[in-house]
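Enquirer: pasted the sequence and its predicted model underneath.
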Amino acid sequence: MLVPDSWLLTLVTFVPLIGLVVVLCIPGRARRAIHWTSACFAGIVFLLSCDVLVRYFLQGGPGSGNRFFFHVQLNWIAPYHIQYYMGADGLSVSLIFLTGLLCFLACFAAFNIEKGVKGFHAMYQLLICGMMGVFCARDLFLFYVFWELMLLPMYFLIGVWGGPKREYAAIKFFIYTLIGSVLMLLAMLALYFRYRETGQPFDIGFLISQQPFAEALYIQGLLFWAFFICFAIKIPMFPFHTWLPDAHVEAPTAISVILAGVLLKMGGYGILRINLPMFAATTKGLTLGVPTLYIIAIFGLINIIYGALCAMAQTDFKKLVAYSSIGHMGYVLLGFAAMNREAMNGAVFQMFNHGLSSAMLFLLVGVIYDRAHHREIARFGGLGTHMPRYFALAMVGFFASLGLPGLNGFISEVMVLLGAFRANEAILPHAQTITLCAAVGVVLTAGYILWCVQRVFLGEPKAEYQSFPDANAREVFTLAPLAALCILLGVYPIIALRVFDGTVEALIRQLYPSI
Amino acid sequence: MTWQEIIKDLIPGLPILLLCVIALLVIMADWFLDPRRSFYVGIVALVCLVATAGLLVGLLLKLAPAAASRPLAEPTLIFGERLILDPLGLFFTLFFVLTAIACVLVSLRTRLLRHRRVGEYYALLLLATVAMAIVIASRDFLALYLAIETISLPCYVLVAYPRQERLAAEASLKYILYGAVASGVMLFGISYVYGMTGTTIIQSIYELPTEETAGLGVALILILAGLGFKMALVPFHSWCPDVYEGAPTPITAYLSVASKGAGIAALLRIVYPLFCATETGHPIPAVIQRVNPWAIFWVLSAATMFLGNLVAIWQTNVKRLLAYSSIAHAGYMAMAFSLMNREAFEAIVIYLIVYLVMNLGAFFTVLFIENATTRSDLASYSGLIRRSPLLATVLIIFLLSLLGIPPTAGFMAKFKMFGALIRAGNGPAVTLAVLGIINIVISAYYYLKVVKVMVFDIGEDETAIATHPMDGAILVVFAIAVFALFVFWTPVQQLAGSLPLNISKF
């Protein structure tokens, strides 16, 4: 369009900061003005992210492997060789698009915020900046700065505008994520001092090519697990998942959407971008006598089963969706562990799909919470009768989450399960057993989702809900694009798979050149 | 000494001399000015201090690069080789002068000093600053002791300055008693050094034979008691929360930065040869290796960090909370002394610069809140974001910097400090780094607790707090400095790198 390639990622990351300043200048009483200004800036970011996707296609991105586009590389802190280095490959592009889309749609879900609107949208814009920066950064220090930048806005967004236990949820989220961040800081410092003389100690691409500490696998193992724990807390992997139910439930709707839709993907993104390629020896080898990939697969399996079982036990609608997130991200871990093209593509696609479907679910919960002011599943009933539009969109969302064939969730789950089943025994021992157990998770997922749908939407309509208005234009506007994408990607998933297939294939070829 | 020698010695010592003259000038100004115009005494002090700071910056810019380029540069020694003047001394003197400027500026704005004779206040503050400048310049244990005492005595009085307040008097008494014992113990340690070496020059401890290990170890630990007291290292920290809580807040701010800086300056002078040894390749004397100061500082820094951070969690008074946070930061700074190499030296310099900005900023915000509400307990901060968005926002910025979150300057300091530890790479250093990051996470809890109270809680009193534009301007300058130091990391790093560690005569 109008901007040169090298400016594109800078704009997509820093336009929200301009939005932050503009929002701060609007007087606090002009609530509608602030809402629409923030939505405008989120819209600009969304358009820029679409531009990123379109240009990626036009420049022959799919099929170019893991080549990076839209480079910008400037010296920032010269004594430490820290650069302002941004770039996007297929994986980044897909997540940038997801972030732009969800931030735009969630902004409309935030229109019912009444108090402190200025602060809310200021923090929201700062959050968008941090998230985009993480997906664009090619310099490890820059990645870390953007990663940390998200902590504070989330703390305030959950803690001020959230539910009854918001302060507890906010501080829990902050401290959990901070633990991961400081582990990443130590690992980053170790890498810095190892490669300081080369002049590129923070360049992610350079570090991948160097395979740090390949000669001292003990140290490489420590670094691998330091990074992994940081990303695992975000995914969230059992047993570092306990922050998620609290944070998701207590956060306001828009923030739950962003949390589930984008922040969880950062963990997966970090593993794919930094953990697996940079420490290939540890990835392919053993940790304390057990293959590393096996450990990851087992934890993925635990996520799937445990998440599904916990979801089934929930009485709070939002908490059920939160635990379903834990379950879905388990497929991502399983896919990563399988180390073949099908499974890993499935895992990345699952990240994208989960972003769409869980965003839909949280928006749906938000719609009904705005009307009923409670989220107890047992008290709902027969909502489908009087709210047909809402019911239709809810069906798409819930069945996408369940993995119904025809919707996107099915494709990604099937790819992960098939790929994991066919995983090379030498790479991932007991792959077939693990996959069979994970397939049980599909049944469990169907169990809790169908049960939830039946209790909430089907059955005798209850008198207290007869007067509820159907989903209004704003709510349909936030839900319909996601539903459309779910259906589109369920029927024609190749358009998405082509985007990040290159990265995945390049990673597998880097780790296992002979296969 | 002949007159000519004395004059020859005074000229290099011009900054110290200037500070003495300013202190006396302030006392004289107080005599001549009307008691109702005591305000102007502070202005006189401020103007003269700014001039001195300008002089120091000029000297530093001129001398530091020159000294770094000359291998084994000869520093200037004056007063019978008891005092040493080198770029490190200039940097620390500038540090103390800047702290004094900030505290004088804020004292002009504090409610408690209005309508009083304040000549003594500013004079004592300046005398303490002079003494701090002598601390970093001292090459002799007795000069060091004299300087440390000269810092302490004005501080004892300044802490008790609001004579009618019981809390201040109690704090001052605790400070006096603790300080007297600590300095007595330090003097005892110095006497050991004299007994073993026959002289009180600091460098002489590096020329001791190996048999004196036990004596040197005891002497160092005793001296460390006195310096640890100044720095608020565990276990010499118990005075810190009470004194910080009871003292008038400008003095608390001054103590938290300048007293800690003076302690570090004194420690730096004592272990300077060890820092230089890694740079110049000088072998470390066997007696020092057997005393193992690195291990001593390892234990001190770990204990200090943990105690400071863990006890801060329970505090309900913001000044006490910040006092324990200062103790924890002393622990982070002491981590560098467990390494004693070039990286650690630069880490301390950068940490001090950043600490000056963020800690003074935090205490000044507490001061202005106290000016308006007369309270500094955490409960009174409820809903501050609505009562005064400016004060709450800048306090949040300073607390986040103290925590060490990018993009604030505090992150820069912690990055450098942890970097020095990881660079060393050996088991103890990495363990200390891991303990350090555990402490960062622990400290997140109480820093965020203050943020939570300000932003999330509803206060009983929701009246707006008006901030004088001057107060607001001071705080905004500090808050911008917190971000500016992060963005302009390169010049700060270059400053730290330009301070030479290659001086032959310590």
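Expert: It's in.
Enquirer: near chain B, which residues of chain A are found?
Expert: Residues of chain A found near chain B (CB under 8 Å from any CB of the partner chain) are A:77-80, A:144-145, A:148-149, A:151-152, A:155-156, A:159-160, A:166-167, A:170-171, A:174-175, A:178-179, A:182-183, A:185-186, A:189-190, A:192-193. Just so you know, the C-beta spots here come from the backbone N, C-alpha and C atoms, and that holds for glycine as well.
Enquirer: which bits of chain B sit near chain A?
Expert: Residues of chain B lying near chain A (CB under 8 Å from any CB): B:400, B:405-407, B:411, B:415, B:418-419, B:422-423, B:425, B:433-434, B:437, B:440-441, B:444-445, B:448, B:451-452, B:455-456, B:489-490, B:493-494, B:497.
Enquirer: before we move on, which element is residue 437 in?
Expert: Looking at chain A here, since you left the chain open. Secondary structure assigned from DSSP states H and E places A:Cys437 in helix A:431-456.
Enquirer: I was thinking of chain B, sorry if that wasn't clear
Expert: helix B:427-455.
Enquirer: next, the buried residues of that helix.
Expert: B:429-430, B:432-433, B:435-437, B:439-455 (16 or more other CB atoms under 10 Å in any protein chain shown).
Enquirer: what bits of the chain have low per-residue confidence?
Expert: Since you didn't name a chain, this refers to chain A. For chain A, applying pLDDT under 70 flags the ranges A:1, A:515.
Enquirer: was after chain B, sorry
Expert: B:1, B:9, B:35-37, B:64-75, B:80, B:112, B:114-117, B:502-506.
Enquirer: kindly report the domain assignment for it.
Expert: B:1-170+B:237-271, B:311-506 (automatic domain parsing).
Enquirer: and the spatially closest residue to B:Thr52 that is not a sequence neighbour, how many neighbours?
Expert: Closest residue to B:Thr52 apart from its sequence neighbours, by CB to CB, 6 or more residues apart in numbering or on different chains: B:Leu18 at 5.1 Å. Number of residues near B:Leu18 (other CB atoms under 10 Å in any protein chain shown) recorded here: 19.
Enquirer: show me what the helix holding B:Ile437 is packed up against.
Expert: Counting contacts by 3 or more CB pairs under 8 Å, 6 or more residues apart in numbering or on different chains; DSSP states H and E, helix B:427-455 packs against helix A:151-161, helix A:166-195, helix B:293-312, helix B:318-335, helix B:384-387, helix B:389-403, helix B:409-424.
Enquirer: let's go with 10 Å and repeat that
Expert: helix A:151-161, helix A:166-195, helix B:293-312, helix B:318-335, helix B:342-373, helix B:384-387, helix B:389-403, helix B:409-424 (3 or more CB pairs under 10 Å, 6 or more residues apart in numbering or on different chains; DSSP states H and E).
Enquirer: how about the second one: buried residues?
Expert: Judged by neighbour count using 16+ other CB under 10 Å, the buried positions of helix A:166-195 are A:166-167, A:169-195.
Enquirer: which residues in chain B form strands?
Expert: Taking DSSP state E, the strands of chain B run over residues B:76-78, B:83-85.
Enquirer: go through those and pick out the most buried.
Expert: strand B:83-85 (a mean of 23; mean count of other CB atoms under 10 Å in any protein chain shown).
Enquirer: so which residues make contact with it?
Expert: For strand B:83-85, contacts defined as CB atoms under 10 Å, 6 or more residues apart in numbering or on different chains pick out B:9, B:12-16, B:59, B:63, B:75-78, B:89, B:93, B:134, B:136-140, B:143, B:147, B:202, B:269, B:272, B:503, B:505-506.
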